[in-house]
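Student: What follows is a protein structure lacking sequence information:
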């Protein structure tokens, strides 16, 4: 393919794929009705930024080899209608990525949580080993300037398998379209309730993902998640797929550092937490399937600092530290709070989370958060009433949030300035403290760097 056009080019994965194809030498164009940072600047720097916002069907011409359709675009998008009228092949980005890697070994990492970290760990190790590989990951990685890579010489593709829908023309989970040779499932906890109305329908998407493993493939799965184990056991009859379970590896924590216990001695890590240790063990099993031995894996993983926004340290001074994390689902909140508590047992833990996703702001999902912040000494919940309006959801009274979390003394804040004050108050007094900020949003535009500096000062 020589010419490719992206409809809704500004999406996180979409603009990274556009950059990857541009670097391959393809002629790339695109359109969108809104563009935000960092995609706007990244596209501008490469000459890929659309000249005008909006949809322009006159730009869809018969000499295009393919159109890649983002989830943001609707079925009546005028550019999409023009492409179909001209008979131009239209792909969602996961379908296109599969098309480009169909003759390669595809490693697809799925799960309600941990998939970004595991994918990042595998990529980190492969890079340390000097391997040539394709990848698609949902977070910025240290040492990588693009989240997507496609190359003519690679034989392996490492893919973060999102369970959200691919596009309006392919309303199926993205990870159903990759058809893995090696699949990993890290854990299952109900999410995306705007699409999967019941837990049973959400669970079925992971069952289907396992069924789509190519003949002769591998299923690597977390043996400490009962739902994942049930799905794996139900597929024991499929003799053409080998099952590889994993759990938490032996380890020790001393002076705020986690050490892996291996046959070659202890390996100090830059990441911590039970969930991250499980992620690491899953990544090790995947790398083993790709021919990387344990010694090489441990030698590489000791320098892994984590994916962006995954227990990322914002500031530290003396006995005070600030971390931010992408956690927003109930199970991930609980796991992240417990990880910080275990790593810093003698410090006061202030945990603040933002209700930001459609699921978290929905009345019929709120009760799933019961007990998720109980491991913190002080707990705060922030939500932006404007975000609730944009999602066309009914207003949420603060007392309803307190009831859902089931925690006495829970602070509920709806203004970023008030949140800054609440955090300072929660951290007041002498002694060591850790602030944990958890969200898939941005706390109403709050300057987290400034907050971090104020917390440790």
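Tutor: Looks like it came in fine. Keep in mind that what you see is a predicted model, and the values were worked out from it rather than measured.

Student: which residues touch residue 263?
Tutor: When contacts are counted by CB atoms under 8 Å, 6 or more residues apart in numbering, residue 263 is found next to residue 294. Heads up, the C-betas are built off the backbone N, CA and C, glycines and all.

Student: ok, now residue 314?
Tutor: So residue 314 contacts 322, 323, 324, 437, 448, 449, 452 (CB under 8 Å, 6+ apart).

Student: burial of the first one, as a residue count?
Tutor: Which is residue 322. 26 (other CB atoms under 10 Å).

Student: mind checking how far the residue nearest the centre of the chain is from residue 408?
Tutor: For the chain, residue 116 is the residue whose C-alpha lies nearest the centre (CA atoms, centre = their mean; 4.4 Å). The gap separating residue 116 from residue 408 is 33 Å, by CB to CB, to the nearest Å.

Student: among the contacts of residue 314, which two are most distant?
Tutor: By the measure CB to CB, 323 and 449 form the most distant pair in the contacts of residue 314, at 13.0 Å.

Student: on that earlier part again, so the residue nearest to the centre of the chain sits against residue 136, correct?
Tutor: No: using CB atoms under 8 Å, residue 116 is not in contact with residue 136; the gap is 11.1 Å.

Student: Now list whatever residues contact both of the two.
Tutor: residue 160.

Student: low-confidence ranges in this structure?
Tutor: By pLDDT under 70, the low-scoring segments of the chain are 1, 308, 429-430.

Student: What residue spans form the domains of it?
Tutor: What automatic domain parsing lists as the domains of the chain is 3-88, 96-301, 312-456.

Student: OK, contacts around residue 305?
Tutor: Residue 305 touches 142, 270, 271, counting by CB under 8 Å, 6+ apart.

Student: out of those, which is most surrounded?
Tutor: Within the contacts of residue 305, residue 271 tops the neighbour count with 21 neighbours, counted by other CB under 10 Å.

Student: so where do the strands sit in the stretch 301-450 of the chain?
Tutor: In the stretch 301-450 of the chain, the segments counted as strands under DSSP state E, counting those that start in this stretch are 312-317, 320-325, 348-354, 378-382, 411-413, 433-438.

Student: Now those in CSV, please, with extra columns for distance to residue 126.
Tutor: Output for those, formatted as CSV (distance: least, CB to CB, whole Å):
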stretch, distance to residue 126
strand 312-317, 22
strand 320-325, 25
strand 348-354, 33
strand 378-382, 38
strand 411-413, 42
strand 433-438, 29
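
Student: and of those, who's closest to residue 18?
Tutor: Per CB to CB, nearest to residue 18 of the strands of the stretch 301-450 of the chain: strand 312-317, 26.1 Å.

Student: Going by neighbour count, which residues of that closest one are buried?
Tutor: Using 16 or more other CB atoms under 10 Å as the test for burial, strand 312-317 gives 312, 314, 315.

Student: Would you mind measuring from the second one to residue 121?
Tutor: Between residue 314 and residue 121 the computed distance is 21 Å (CB to CB).

Student: same question, residue 443
Tutor: Applying CB to CB, the value for residue 443 to residue 121 is 27 Å.

Student: those strands in the stretch 101-250 of the chain, which residues are they?
Tutor: Along the stretch 101-250 of the chain, counting by DSSP E, counting those that start in this stretch, strands occupy 105-110, 134-136, 148-149, 156-160, 182-185, 218-222, 242-246.

Student: now those strands as TSV including mean neighbour count?
Tutor: Output for these, formatted as TSV (neighbours: other CB atoms under 10 Å):
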stretch	mean neighbour count
strand 105-110	27
strand 134-136	26
strand 148-149	22
strand 156-160	25
strand 182-185	27
strand 218-222	25
strand 242-246	17
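
Student: Residue 33: which of the ones you listed is closest?
Tutor: For residue 33, the closest of the strands of the stretch 101-250 of the chain is strand 148-149, at 22.5 Å, according to CB to CB.

Student: Neighbouring strands - and their directions - for that closest one?
Tutor: Strands that pair with strand 148-149, judged by DSSP bridges, come out as strand 134-136 (antiparallel).

Student: who touches the strand it pairs with?
Tutor: 13, 16-17, 97, 100-101, 104, 119, 123, 147-151, 154, 156-160.

Student: how about a cut-off of 10 Å?
Tutor: Strand 134-136 has contacts (CB atoms under 10 Å, 6 or more residues apart in numbering) with 13, 16-17, 20, 93-94, 97, 100-101, 104, 106-108, 119-120, 122-123, 126-127, 141, 144, 146-162, 174, 178.

Student: just to revisit the earlier point, of residue 443 and residue 121, who's got more company?
Tutor: Neighbours per residue (other CB under 10 Å) separate residue 443 from residue 121, with residue 121 holding more: 28 against 23.

Student: Can you tell me the closest non-neighbouring residue to the more buried one?
Tutor: The shortest distance from residue 121 to any non-neighbouring residue, by CB to CB, 6 or more residues apart in numbering, is to residue 283 (3.7 Å).

Student: I'd say residue 149 and residue 159 touch.
Tutor: No: contact criterion CB atoms under 10 Å: residue 149 and residue 159 do not qualify, at 11.1 Å.

Student: Spit out the residues that contact those two alike.
Tutor: Listed as contacting both residue 149 and residue 159 by CB under 10 Å, 6+ apart are 134, 135, 136, 137.

Student: What is the nearest of these to residue 6?
Tutor: For these, the nearest to residue 6 is residue 136 (14.9 Å; CB to CB).

Student: what bridges to that closest one?
Tutor: Bridge pairing for residue 136 - DSSP bridges - gives residue 148, residue 159.

Student: Check the gap between it and residue 178 for me.
Tutor: Relative to residue 178, residue 136 is positioned 9 Å away (CB to CB).

Student: Need the overlap of contacts for the two.
Tutor: Common neighbours of residue 136 and residue 178, counting by CB under 10 Å, 6+ apart, are 94, 97, 101, 108, 157, 159, 160, 161, 162.

Student: gap between the third one and residue 108?
Tutor: Taken as CB to CB, the spacing of residue 101 relative to residue 108 amounts to 10 Å.

Student: which stretches of the chain form helices?
Tutor: Applying DSSP state H to the chain gives helices spanning 12-23, 39-45, 78-86, 93-100, 115-128, 199-211, 226-233, 274-289, 294-301, 330-343, 385-390, 398-405, 416-426, 448-456.

Student: distance between the last one and the chain's centre?
Tutor: In terms of CA atoms, centre = their mean, to the nearest Å, the centre of helix 448-456 is found 25 Å from the chain centre.

Student: Skipping adjacent residues, who's closest to residue 454 in space?
Tutor: Using CB to CB, 6+ apart, the closest residue to residue 454 is residue 424 (6.3 Å).

Student: Now do the contacts for the one you found.
Tutor: Contacts of residue 424 (CB under 10 Å, 6+ apart): 350, 451, 454, 455, 457.

Student: Could you dump those into a markdown table with neighbour count and distance to residue 433 added?
Tutor: Below are the contacts of residue 424 laid out as a markdown table (neighbours: other CB atoms under 10 Å; distance: CB to CB, whole Å):
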| residue | neighbour count | distance to residue 433 |
| --- | --- | --- |
| 350 | 24 | 6 |
| 451 | 23 | 13 |
| 454 | 16 | 12 |
| 455 | 23 | 7 |
| 457 | 9 | 12 |
